[in-house]
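Undergrad: below are the sequence and a predicted model for it; my questions follow.
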Amino acid sequence: MLSQVSQINAGSAEELEALRIKYLSKKGEITALFNEFRNVPNEQKRELGQLLNQLRQETEGRISELREQINDKCQMSAEKLDLTRTPDPIDLGTRHPLSLVREEIEEIFSRIGFTVAQGPEVEDDKHVYGMLNFAPEHPARDMQDTFFVEKEIGVQKPTDILLRSHTSSVQTRVMTSRKPPIRVLCPGRVYRNEAISARAHCFFHQVEGLYVDKNVSFADLREALLYFSKEMFGPETKIRLRPSYFPFTEPSAEMDISCNICGGTGCSFCKGTGWVEILGCGMVDPNVLESCGIDSKEYSGYAFGMGVERITNLKYRVKDLRLFSENDVRFLKQFESC
Ligand code: PHE
């Protein structure tokens, strides 16, 4: 047995521990020999005792020798692992053109005191239409048909839960939760049920603006929009306001900017008119202020809403709106350095 000690071998710390238990633990084979020792005849005790002690010592020695070898091996492989090595480079993505433009709009309006407010995309009839002065069966609702959501609340199944068709719903959320002066910008995704052509999208993005205070006038609205247009499209940009209709503003207008592609002389983009429409706006209808609990005799306000896709189109001359939602990196990468 003594001659076999040097042949004990283990490849891992676990294997080594198993060997230690096999030979040296309380129930180990060598310990068992020591237990048998008392049955040995007296005259053999001296010689056998020496041999047994030698066996135990050599086994212990071999086990600690193996332990050192295993520890050295672990250390070497840890040294081979170069923790300072630069990892393989990860390709950085780019920001989506719609996000770039949305952020630019927010940035421009923040310079004249607007802060960003958010509202839910899944809304109810009240906030999207009712409080914004849309009468229940009024044809103005047809201009903004949307998708309705079936939702069970207890035993009730309300039928007025819907995807918001414009960010004007955030106006009602803000006006009912804050007191004037209010000066907010509300960016977000909106939905329309408009499957009129293969190019039509069910969703797009808008940025809404709302300013409510004492003595807010149409001239303030025009000035803010002119400032925005010049900052966004260049100092030579002109604007024009055309009368329009929205249930929640009175008077209402649509705003055009001078075509930034031909400079106003007429091209295929502006259909030869020199102007392109970019937003709807107007003075907040007193009925809307009142439905949100704001005294319309004391306060007045203006609001506007623009489509982010449209502004991006003008800014970067993107021909096909579908490119915005196709996630094609060949398209998205082109905005890297913008
Ligand atoms: N909500 C309108 C739309 O989606 C735009 C708008 C906003 C008009 C604010 C006037 C005031 O067409």
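TA: Perfect, thanks for sending it.

Undergrad: quick one: the helices in the stretch 1-150 of the chain, in order.
TA: Listed in chain order, the helices found in the stretch 1-150 of the chain under DSSP state H, counting those that start in this stretch are 13-24, 29-36, 42-80, 97-110, 125-128.

Undergrad: and the closest residue to the ligand within the stretch 201-338 of the chain, helix, strand or coil?
TA: In the stretch 201-338 of the chain, the residue that lies nearest the ligand is Gly305 (2.7 Å; CB to the nearest ligand atom). (Each C-beta comes from the backbone N, C-alpha and C, glycine too.) Using DSSP: H, G, I helix; E, B strand; the rest coil, the structure places Gly305 in strand.

Undergrad: what's the neighbour count on it?
TA: A count of nearby residues for Gly305, using other CB atoms under 10 Å, gives 23.

Undergrad: residue contacts, it?
TA: His166, Thr167, Ser168, Gln206, Val207, Glu208, Gly209, Leu279, Gly280, Cys281 (CB atoms under 8 Å, 6 or more residues apart in numbering).

Undergrad: thought the last one was touching Leu225?
TA: Yes - in this structure, Cys281 sits in contact with Leu225. The criterion is CB atoms under 8 Å, and the distance is 6.7 Å.

Undergrad: so who does whichever residue of the stretch 1-150 of the chain sits closest to the ligand touch?
TA: Nearest residue of the stretch 1-150 of the chain to the ligand (CB to the nearest ligand atom) works out as Gln144 at 6.6 Å. By CB under 8 Å, 6+ apart, Gln144 lies in contact with Tyr129, Ser165, His166, Arg192.

Undergrad: quick check: Gly11 vs Lys73, distance?
TA: 9 Å (CB to CB, to the nearest Å).

Undergrad: grab the nearest non-local neighbour of Ala253.
TA: Excluding the flanking residues, the one nearest Ala253 by CB to CB, 6 or more residues apart in numbering is Leu241, at 4.2 Å.

Undergrad: work out for me the element that neighbour sits within.
TA: strand 239-246 (DSSP states H and E).

Undergrad: buried residues of that strand, list them for me.
TA: Using 16 or more other CB atoms under 10 Å as the test for burial, strand 239-246 gives Ile239, Leu241, Phe246.

Undergrad: strand partners (parallel or antiparallel) of that strand?
TA: With DSSP bridges as the test, strand 239-246 is paired with strand 249-258 (antiparallel).

Undergrad: going along the chain from the partner strand, find the next helix or strand for me.
TA: Going down the chain from strand 249-258, the next helix or strand is strand 275-284, by DSSP H and E.

Undergrad: and the next helix or strand past that following strand?
TA: Taking DSSP H and E, what comes next after strand 275-284 is helix 286-291.

Undergrad: pull the CA atoms of that following helix into PDB?
TA: What follows is helix 286-291, C-alpha atoms only, in PDB (Å, rounded to 0.1, in the frame of the first residue of the first chain):
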ATOM      1  CA  PRO A 286     -64.000  78.800 -24.400                       C
ATOM      2  CA  ASN A 287     -66.200  75.700 -24.100                       C
ATOM      3  CA  VAL A 288     -63.000  73.600 -23.900                       C
ATOM      4  CA  LEU A 289     -61.500  75.800 -21.100                       C
ATOM      5  CA  GLU A 290     -64.800  75.500 -19.200                       C
ATOM      6  CA  SER A 291     -65.000  71.700 -19.600                       C
END
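
Undergrad: one step back: can you tell me what sits against the strand holding Leu241?
TA: With CB under 8 Å, 6+ apart as the criterion, strand 239-246 contacts 140, 222, 225-226, 229, 251-258, 275, 280-282.

Undergrad: check stretch 41-58 too.
TA: Met1, Leu2, Val5, Ser6, Leu24, Ile30, Leu33, Phe34, Phe37, Val40.

Undergrad: rerun at 6 Å
TA: Outside of stretch 41-58, the residues within contact range by CB atoms under 6 Å, 6 or more residues apart in numbering are Leu2, Val5, Ile30, Leu33, Val40.

Undergrad: which among these end up buried?
TA: Val5, Ile30, Leu33.
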